[in-house]
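# the amino acid sequence is not available; the structure is as follows:
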């Protein structure tokens, strides 16, 4: 897993952000304000589908 958490470049800096880290197998998503809190994990296919739908 890429240990680097990343925020969207479109993040407004208002604190209401999510962060993502991923590798070829999965993506994890967390609340940037609660970095020790729970994460959501998506397999690579589900993450790819999610990103494709966002772009539509």
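Now that the structure is in, tell me what you want to look at. Because the structure is predicted, anything quoted here is derived from the model rather than measured.
# not counting residues beside it along the chain, what's closest to the most centrally placed residue in the chain?
By CA atoms, centre = their mean, the mean C-alpha position of the chain lies nearest to residue 20, the distance being 2.5 Å. What sits nearest to residue 20 in space, not counting adjacent residues and going by CB to CB, 6 or more residues apart in numbering, is residue 29, at 5.3 Å. C-betas here are computed from N, CA, C, even on glycine.
# go on, residue 28?
Sequence neighbours aside, residue 39 is the residue nearest to residue 28 in space, at 4.6 Å (criterion: CB to CB, 6+ apart).
# these two touch, right, that neighbour and residue 26?
No - in this structure, residue 39 is not within contact of residue 26 by CB atoms under 8 Å, at 10.4 Å.
# what segments of this protein are helices?
44-55 (DSSP state H).
# so where's it uncertain?
Using pLDDT under 70 as the threshold, the predicted model of the chain has low-confidence ranges 1-2.
# what's the spacing between the closest residue to residue 32 other than its chain neighbours and residue 27?
Excluding its sequence neighbours, the residue lying closest to residue 32 (CB to CB, 6+ apart) is residue 17, at 4.2 Å. In this structure, residue 17 lies at 16 Å from residue 27, with CB to CB, to the nearest Å as the measure.
# who has more neighbours out of those two?
Taking neighbours as other CB atoms under 10 Å, residue 17 and residue 27 compare with residue 27 leading, 21 against 15.
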